[in-house]
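A.B. asks: With the input below, show me the fold.
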Amino acid sequence: MTVLHVLWQPILLSTVFVFIASSLLHMAIPWHKNDYKGLPDQGKVIDLLRPLAIPPGDYMVPHCTTREEMRTPEFAEKMAKGPVMVLTVIPNGPFTMGRSLGLWALYLLAVSYMTAYTTMHGLPTGAGYVRVFHVAGMAAFLGYAAALWQTSIWYHRSWITVLKDTVDGLVYAGLTAGTFGWLWAR
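C.D. replies: Sure thing, here's the model as predicted:
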């Protein structure tokens with residue numbers, strides 16, 4: 001078994017490689033340009049919602065608090081009339097990238113660490129590149145993409161967007177797996 005502290009280099013380098021790749025996928029290539037659509041007459045919608053001062057958080061409309069309420073004709077009518085939506089409200093003000101990029105980097109580091117941990121328990125020191133690539137790649141792919149599908153299954157997020165995010169996860173997993181295969185303890 002490989003000792004985890006020996007894998008600090010692939011952990012850190014794969015984090016950097018994936019950070020750079022994700023920046024390119026989201027900024028340099030128009031791959032994610034149409035992930036979100038604007039609402040029709042969004043100015044009117046904003047003017048209607050602003051006085052409600054909805055605090056940041058996740059919301060579902062229409063919403064019910066019990067199963068019994070969900071079975072009522074009134075709730076069924078609300079669902080039929082619409083709109084039906086899942087809404088995330090973020091804090092007002094300019095969107096600053098610093099906090100999000102910092103959290104993203106921590107997430108990438110966590111996935112790389114978990115990839116190292118999983119691969120270390122599955123492979124011995126000196127394992128070949130291909131074996132390391134397969135195990136590390138699967139662990140990283142699970143970290144980057146496996147849970148994304150839940151957002152389409154349960155919250156009706158666009159399947160196209162989730163498929164694009166899954167392809168991103170495959171790219172990230174490939175970079176992580178390649179880095180681990182390259183720098184695996186010999």
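
A.B. asks: Tell me the buried residues in stretch 11-18?
C.D. replies: In terms of neighbour count (16 or more other Cβ atoms under 10 Å), stretch 11-18 has its buried residues at 11, 13-15, 17-18. C-beta: built from backbone N, CA, C; applies to glycine.

A.B. asks: Please disregard the earlier target; I meant stretch 166-177.
C.D. replies: If you call a residue buried by 16+ other Cβ under 10 Å, then stretch 166-177 has these buried ones: 166, 168-169, 171-177.

A.B. asks: picking that back up, from the buried residues of stretch 11-18, pick the one nearest Trp31.
C.D. replies: Taking Cβ to Cβ as the measure, Trp31 sits nearest to Val18 out of the buried residues of stretch 11-18, at 15.5 Å.

A.B. asks: Alpha carbons of the helix or strand hosting that closest one, as CSV, please.
C.D. replies: Assigned by DSSP states H and E, Val18 belongs to helix 8-23. In CSV, the C-alpha atoms belonging to helix 8-23 read as follows (Å, rounded to 0.1, in the frame of the first residue of the first chain):
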residue,chain,number,x,y,z
TRP,A,8,1.1,15.2,-2.0
GLN,A,9,2.6,16.1,-5.4
PRO,A,10,-0.1,14.5,-7.6
ILE,A,11,-2.8,15.8,-5.2
LEU,A,12,-1.5,19.4,-5.6
LEU,A,13,-0.6,19.2,-9.3
SER,A,14,-4.0,17.6,-10.3
THR,A,15,-5.7,20.4,-8.3
VAL,A,16,-3.8,23.0,-10.3
PHE,A,17,-4.4,21.3,-13.7
VAL,A,18,-8.1,20.9,-13.1
PHE,A,19,-8.4,24.5,-11.9
ILE,A,20,-6.8,25.7,-15.2
ALA,A,21,-8.9,23.3,-17.3
SER,A,22,-12.1,24.4,-15.6
SER,A,23,-11.2,28.1,-16.2
